[in-house]
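1. coords below, sequence missing:
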């Protein structure tokens, strides 16, 4: 899982894309890792806006995670998918993959796919943790 996520490092940010080296957004990172692990994606992703304040599809990221992934409890661990609330929003609008208890990979506008520290500020925004099924 972590190795599949690391294949995306350096990929430019492209809204709604999901191809390592070509472009992806945060959801595209998860979609690309899913394909690397399982083959075809489990569902077609509807169009969505990049604006985190857009109320359209509020809760869709959490609902998809709950339907397709396995909820995790206990300590943070490498390979977990993390959902983040941004901008004071109640529902998560961002996601990434933990590579350790203190670092994660995510796609961010203007930066692309990067490995970053799970700082205290990021930690306060975590609103759910999941793992891919069968892992």
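-> That came in fine, so what should we check first? These figures come from a predicted structure and were not determined experimentally.
2. where along this structure do the helices fall?
-> 2-6, 26-38, 60-68, 120-125 (DSSP state H).
3. Pick the most buried one from those.
-> helix 26-38 (a mean of 20; mean count of other Cβ atoms under 10 Å). In this view, the C-beta of every residue, glycine as well, is placed from N, C-alpha and C.
4. Off-centre distance for that helix?
-> Helix 26-38 has its C-alpha centroid displaced from the chain centroid by 9 Å (Cα atoms, centre = their mean, to the nearest Å).
5. Next: stretch 3-17.
-> The answer for stretch 3-17 is 11 Å, by Cα atoms, centre = their mean.
6. go on, stretch 11-22?
-> 13 Å.
7. That stretch: end-to-end distance?
-> This stretch, stretch 11-22, spans 6 Å end to end (Cα to Cα, to the nearest Å).
8. which outside residues touch that stretch?
-> With contacts defined as Cβ atoms under 8 Å, 6 or more residues apart in numbering, stretch 11-22 is touched by 7-8, 10, 23-25, 27-29, 31-32, 35, 45, 47-48, 50, 107-113.
9. Please flag which of the residues you listed sit within strands.
-> 23-24, 107-108, 112-113 (DSSP state E).
10. Could you provide those residues in TSV, with additional columns for pLDDT?
-> Formatted as TSV, the ones in strands among the contacts of stretch 11-22 follow (pLDDT from 0 to 100):
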residue	pLDDT
23	98
24	97
107	98
108	95
112	98
113	98
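11. Kindly reformat those residues as CSV and extend each row with neighbour count and distance to residue 131.
-> Shown next, in CSV, are the ones in strands among the contacts of stretch 11-22 (neighbours: other Cβ atoms under 10 Å; distance: Cβ to Cβ, whole Å):
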residue, neighbour count, distance to residue 131
23, 19, 26
24, 26, 20
107, 28, 19
108, 14, 22
112, 17, 25
113, 27, 20
